[in-house]
Structure formats: structure tokens, C-alpha cells
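**Student:** Sequence plus predicted model, see below.
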Amino acid sequence: MSAVRNAFPAFLLLVGTCVAGAALADPIRITDQANRVVSLKEPAARIASIPIPMASTIISMDGGTSRLVGMNPTAKSAIVEGVLGRIFPEAKDIPSGITAPNFIPNVEELAATNPDLVVQWADYGANIVDPITNAGLTAMLISYGTEQKARDYQSMVATAMGKPERAAMLNGWRADVEAAMLEKGKAIPAEKKPKVLYLGRALEALSASGNEGNYNAYSIELAGGTSASADVVGQGTTISPEQVAAWNPDVILLNSFEAKLSISRIHDDPILSLTNAARNNRVYKMPLGGYRWDPPSQESPLSWMWLADLLHPDVFSYDLRAEMKKAYATLYGYQLTDADIDGILWIGMQGDTANYAQFKAK
């Protein structure tokens, strides 16, 4: 592979060094998303991440893997399967036995990583937190569901590393892209907003989520669509093909979590293939970049742009490949190749779908 990892811009390194140096002199206090005060004597040099998205967030906030000492096995699979494993090949050796995929910590394995900080979910009960704190480890709890929560926990982990300015810069990018999209979206009349169905699971059983606390519904609306599953009660609810047919979505988005899932799952199904989405060749698998583009991550603005260009290419007209190259240079100090981008966007599988030609290399 000819592309190499590049250094971050010099001014960012200088600012980061100065801020981190200053942070060494003072303890760090963070109020986490369970309203607990987390205290660190100095910036965390060793962080274990149990929530799936946080591993790649830590890498992007730090510009490398040296502080990440443990992660969820599902997070590791995203790194190994995606481009981040090529950018940071050493990540494949970071332990993932610290937790089961269901976020229940393996305290023995976790303690063996000697973490200064353990990141855990705030929303799944004391049984996944108490084993960490009872072992004498420092836990910082984060919460999932909204764009604001994502920005806040990215700020929290950057602050814990002594790099608050890094999160401020990246969250500023998110805010700028969001504001620009909201402004452009005002030109889209309600009747021109397609019904979009995101399937959280589809390889065997189908699942969808209602709008409350559903990040995909937020992204769909931001990109000028409406969520076809808005009336579903709860998150990750099992649905039938008949229900999908009744909704008759204009666009179907497949999750990137199921590695073997492809758009043929919809086109080959005797019921799902009758939807407007399938008939008009508007079935797409969510990209897999430095992290999966379905949930919130450090790459979310790229996911918004991708979806906006699919739904309304005449309104948004992003040069997604250029935006990706710029973002990856900032997030990871890496120059994406055209082959990298083709892989992230699944050009080989869905390059001939509706509106996808705009994403091909010129």
C-alpha cells in the first residue's frame, strides 16, 4: 500500500503539547454522563474502552493507538475489517478480552491492562459498572443516543487525555457541517423528502427503531429524509418483511455491523424486493471507515454528507471523496487512497446503485 501515515499539522501538535503539559500540573475533573465526578491526577496514559464506538474515538482524539490498552471485541472487528486496521496495524494486538460484546466486564482481563481510566456505558445498569469500581479502577460513564451526547463524550475523553482542544476542533467541524446542512435542507419541501428505513439487523431477522433516541433517525432527517420506522416502539425491535412492505420505504439503509450483509439481501427477498427502495435500486449498505458510519462517531459528518448526497444530490452536492481525504488527514494523519475510499463506500458492491456514480473516482 503506497499511502503512509502523515504527521498532524504542526500547529495542532504545538497546541496539544502545550495543553497536555499544562494539564500535567493540575488534576483533571470531569463530570461524566451519569453525573459522576471523575478525578484523574494527570492525563490518562492508559485507557480501556468497553463501549464499542469509543475505541476509534480515542484513536482519533489522540492521533494514535498508544493510550488504548483494551477494547470491546466488536470494536476490534470494526478496526480489523476496516481501513483503521491498515492505518494503525498495531491495533490488532490491543486486548479485546476485557469485556464480552454485551459490555459485561471481564475484571481480571481488564485489570491486567493496568488502565488509568475505564470507559463504560452509563445506561445499562450498575451490574456493568460496579465490577469496575469495586476492583479499584476509575470509570468514566458515557451515554448513547443523540448528537449532543456524542459531542459531549468525545470532549470528555479528550479532556481525560489532556487534549480538550482536540475535541473542540473536531466538534466545531461537526457543528459547522450540521449547520450548513440544516440551512440547505430548508429548500427541501416535505413532499420531496423520501421515506428512509434503516435496518439495524437484516442478515436473518429484521430490526428497526423508533425515532426517540435513534441516531439514525437524526441523520436521516438532517439529510433531508423522513424515518420510515418512526412509529416503532423501542430500539432494535424485530419487524417482519410484511411490515417493511407496508411502510414501502423509498430508501433502505443496511447496517455495517453484519459483515456478510449485502444489498442482495433485499433484492433477493420475495417481499422486500417489492418495495420502492428495491424497485428503484436505492438500497445501500452503510460505509465502514475508521468506524461504522451508522452510529455516532468521529466520522459522523462524512456519514451525513454521504446520505445527503444520496437523497438530494441536487441540494447538497458534496465532493465526498475530497471531504473524506481532508477529514482522514485531520483525524488520523493519513492520506486516503482512491482504493481506500472505494472500500469504505463499498463501491464494488453498490457502485451501480441509484445516485452512487457520484462517489466513484473521477
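**Tutor:** Looks like it came in fine. Numbers count the residues shown, from 1 in each chain.

**Student:** low-confidence ranges in the stretch 151-300 of the chain?
**Tutor:** Within the stretch 151-300 of the chain, no stretch has pLDDT under 70.

**Student:** Which stretches in it count as strands?
**Tutor:** Ranges of strands in the stretch 151-300 of the chain, per DSSP state E, counting those that start in this stretch, are 195-199, 206-208, 226-227, 237-239, 251-254, 283-285.

**Student:** For residue 36, which of the ones you listed is the nearest?
**Tutor:** The closest of the strands of the stretch 151-300 of the chain to residue 36 is strand 237-239. By Cβ to Cβ, the value is 30.6 Å. Every residue, glycine included, has its C-beta placed from N, CA and C.

**Student:** contact partners of that closest one?
**Tutor:** For strand 237-239, contacts defined as Cβ atoms under 8 Å, 6 or more residues apart in numbering pick out 205-210, 229, 232.

**Student:** got it, and stretch 100-119?
**Tutor:** Against stretch 100-119 from outside (Cβ under 8 Å, 6+ apart): 38, 40, 44-51, 54, 58, 69-70, 72-74, 95, 97-99, 120-121, 124, 127-128, 131-132, 135, 137-142, 157, 160.

**Student:** ok, back up a step: mind putting the strands of the stretch 151-300 of the chain into TSV with mean neighbour count?
**Tutor:** Shown next, in TSV, are these (neighbours: other Cβ atoms under 10 Å):
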stretch	mean neighbour count
strand 195-199	26
strand 206-208	22
strand 226-227	20
strand 237-239	15
strand 251-254	26
strand 283-285	25
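
**Student:** Sort out which of the contacts of stretch 100-119 are in helices and list them.
**Tutor:** If you go by DSSP state H, the contacts of stretch 100-119 have 54, 58, 73-74, 131-132, 157, 160 in helices.

**Student:** before we move on, back to that, show me which of the contacts of strand 237-239 is closest to residue 85.
**Tutor:** Closest to residue 85, out of all of the contacts of strand 237-239 and judged by Cβ to Cβ, is residue 207, at 27.0 Å.

**Student:** any idea how far the nearest residue to that closest one once chain neighbours are set aside is from residue 118?
**Tutor:** Closest residue in space to residue 207, ignoring its immediate chain neighbours: residue 201 at 4.1 Å, by Cβ to Cβ, 6 or more residues apart in numbering. According to Cβ to Cβ, to the nearest Å, residue 201 stands 28 Å off from residue 118.

**Student:** These two - which one has more neighbours?
**Tutor:** Counted by other Cβ atoms under 10 Å, residue 201 and residue 118 do not tie: residue 118 has more neighbours, with 28 against 17.

**Student:** What helix or strand is the more buried one located in?
**Tutor:** For residue 118, the element it lies in under DSSP states H and E is strand 117-121.

**Student:** chain center to the top helix by length along the chain, what's the gap?
**Tutor:** Of all the elements of type helix in the chain, the one with the most residues (DSSP H) is helix 164-185. Relative to its chain's centre, helix 164-185 lies at 15 Å (Cα atoms, centre = their mean, to the nearest Å).

**Student:** and if you look at stretch 241-248?
**Tutor:** For stretch 241-248, the distance to the chain centre is 27 Å (Cα atoms, centre = their mean).

**Student:** For it, which residues meet the burial criterion?
**Tutor:** The neighbour-count check on stretch 241-248 (16 or more other Cβ atoms under 10 Å) flags 241, 243-244, 247 as buried.

**Student:** again, but for stretch 120-134
**Tutor:** 120-123, 128-129, 131-132.

**Student:** could I get it in CSV with only the CA atoms?
**Tutor:** Provided in CSV are the C-alpha atoms of stretch 120-134 (Å, rounded to 0.1, in the frame of the first residue of the first chain):
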residue,chain,number,x,y,z
GLN,A,120,-18.2,2.3,30.3
TRP,A,121,-21.8,2.8,29.3
ALA,A,122,-24.0,4.8,31.7
ASP,A,123,-27.3,3.4,30.5
TYR,A,124,-27.2,-0.3,31.2
GLY,A,125,-27.3,-0.6,35.0
ALA,A,126,-24.9,-0.9,37.9
ASN,A,127,-24.0,-4.6,37.1
ILE,A,128,-21.7,-3.4,34.3
VAL,A,129,-20.2,-0.6,36.3
ASP,A,130,-19.8,-1.9,39.9
PRO,A,131,-17.3,-4.6,38.9
ILE,A,132,-15.0,-1.9,37.6
THR,A,133,-15.2,0.4,40.6
ASN,A,134,-15.1,-2.5,43.1
